[in-house]
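Colleague: Quick check, what structure comes out for this input:
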Amino acid sequence: MSLLPVWGEGGPPSQISRVSSVLHLVGNTPLFELTKVTTGLSPRVRVFTKLEGFNPGGSVKDRAALKMVAEGLRAGALTPGKTIIDSTSGNTGIALALVGAVLGYPVELVIPENVSIERKKIIAAYGAKMIYSSPLEGSDGAMRLCRQILHETPERYFKPDQYFNTANPQAHYETTGPEIWRQTQGQVTHFVAGIGTSGTIMGTGRYLKEQNPQIQIIAVEPDDAFHGLEGLKHMASSIVPGIYHEGELDRKIPVGTEEAYEAVYRLGREEGILVGQSSGAALWASLKVAREIEAGVIVTLFPDFGDKYLSTNLWVGWKDFDKKQARV
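Modeller: Predicted structure coming up:
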């Protein structure tokens with residue numbers, strides 16, 4: 001059985017009535033036009049977002065996880081008896097746990113101890129083992145601990161290595177980019193996305209640039225090393241992923257934690273979409289771009305929905321936001 005869905009020349013069907021594996025539901029996510037939070041923009045500017053929470057594992061990371069495991073199997077690096085291991089801040093771990101459960105491979109995940117309880121429960125529900133790294137060291141600390149474990153017993157593991165595996169951006173080159181191009185009928189002018197591993201923006205951006213070199217590829221990152229935007233990297237203070245090539249970007253936009261959180265609150269109240277903090281950062285940056293232009297089709301990407309973050313600091317300040325709105 002092929003791990004990856006096989007679609008004809010016309011792309012994926014508009015409706016899938018029956019599939020043989022949950023893995024065949026990865027990708028082909030809807031493109032949603034934001035019409036409420038965009039009030040006041042030029043009428044010739046439209047802002048869309050890919051709703052990646054519709055993937056079966058609940059995030060955009062399903063795409064890269066599936067591709068990396070499929071490539072590991074194809075190359076013979078992942079064989080029966082081995083365990084899949086990687087470091088993650090959450091979503092890639094969930095995706096690997098899902099893929100491992102379907103294919104029958106055990107999964108071990110090194111994650112910062114302070115990731116949300118919701119993510120921990122989801123990973124456990126898929127049967128994966130969690131190894132906690134220091135909450136003070138973030139995703140970089142998880143990366144270092146994972147390397148140490150792998151060094152001690154390398155023969156036991158297959159490490160997808162999401163920060164350095166070219167299959168990560170390739171997944172987006174083959175799926176996310178073509179979907180956006182098709183869904184906008186080639187009219188996209190700007191692509192805005194957050195950088196964590198950077199696989200999404202590298203692969204999607206590369207594909208879109210090949211279709212039209214004038215498309216602007218814009219990365220979103222936290223404005224400070226000490227931030228609350230789980231899943232995003234402040235590149236100047238982090239271990240830089242091997243798949244990240246800043247020269248392929250047209251621009252980077254720094255976003256503050258509070259700005260991203262308020263964007264999340266707005267999305268819930270105005271558009272009816274509950275998302276996480278990295279999606280809030282993507283929205284804030286997209287609206288900044290939208291206010292700078294007179295015409296264009298901006299596409300951003302919301303990596304997941306917000307159900308994994310309800311116990312986090314994201315929702316500590318929402319009542320203050322409501323009070324602030326009431327005074328406006």
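Colleague: which stretches of the stretch 101-250 of the chain have low pLDDT?
Modeller: Nowhere does the stretch 101-250 of the chain drop to pLDDT under 70.
Colleague: any idea where the strands of it begin and end?
Modeller: Using DSSP state E, counting those that start in this stretch, the strands of the stretch 101-250 of the chain run over residues 107-112, 129-133, 157-158, 190-194, 216-222.
Colleague: buried residues in the first one?
Modeller: Spelled out, it's strand 107-112. Burial within strand 107-112, assessed by neighbour count using 16 or more other C-beta atoms under 10 Å, is assigned to 107-112. Quick note: C-beta positions are derived from backbone N, CA and C, even for glycine.
Colleague: how about the residues you listed in JSON lines, adding distance to C146?
Modeller: JSON lines is the format used below for the buried residues of strand 107-112 (distance: C-beta to C-beta, whole Å):
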{"residue": "V107", "distance to C146": "13"}
{"residue": "E108", "distance to C146": "9"}
{"residue": "L109", "distance to C146": "9"}
{"residue": "V110", "distance to C146": "4"}
{"residue": "I111", "distance to C146": "9"}
{"residue": "P112", "distance to C146": "11"}
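Colleague: Put together a markdown table for the strands of the stretch 101-250 of the chain, with distance to V240 on each row.
Modeller: Listed next are those as a markdown table, based on distance: least, C-beta to C-beta, whole Å:
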| stretch | distance to V240 |
| --- | --- |
| strand 107-112 | 18 |
| strand 129-133 | 19 |
| strand 157-158 | 24 |
| strand 190-194 | 15 |
| strand 216-222 | 12 |
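Colleague: Highest mean neighbour count out of those?
Modeller: strand 190-194 (a mean of 28; mean count of other C-beta atoms under 10 Å).
Colleague: Send me that one as CSV with only the CA atoms.
Modeller: Below are the C-alpha coordinates for strand 190-194, written out as CSV (Å, rounded to 0.1, in the frame of the first residue of the first chain):
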residue,chain,number,x,y,z
HIS,A,190,2.3,37.0,-1.3
PHE,A,191,2.8,33.9,0.8
VAL,A,192,3.2,34.6,4.6
ALA,A,193,4.2,31.8,7.0
GLY,A,194,5.9,31.3,10.4
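Colleague: How about stretch 232-239, which residues are buried there?
Modeller: 232-235, 238.
Colleague: Repeat that for stretch 268-280.
Modeller: By 16+ other C-beta under 10 Å, the buried positions in stretch 268-280 come out as 271, 273, 275-280.
Colleague: Which member of those residues is positioned nearest Y157?
Modeller: Comparing the buried residues of stretch 268-280 against Y157 with C-beta to C-beta places S278 closest, at 28.0 Å.
Colleague: Can you give me every residue that contacts that closest one?
Modeller: Contact partners of S278, counting by C-beta atoms under 8 Å, 6 or more residues apart in numbering, are 194, 196, 229-232, 260, 303-304.
Colleague: which residues of the stretch 101-250 of the chain fall in helices?
Modeller: Counting by DSSP state H, counting those that start in this stretch, the stretch 101-250 of the chain has helices at residues 117-125, 138-152, 167-171, 177-183, 199-211.
Colleague: if you compare these, which one is most tucked away?
Modeller: Greatest average neighbour count among the helices of the stretch 101-250 of the chain goes to helix 167-171 (a mean of 27), per mean count of other C-beta under 10 Å.
Colleague: That helix packs against which elements?
Modeller: Packed against helix 167-171 by the contact rule (3 or more C-beta pairs under 8 Å, 6 or more residues apart in numbering; DSSP states H and E) you find helix 61-75, helix 199-211.
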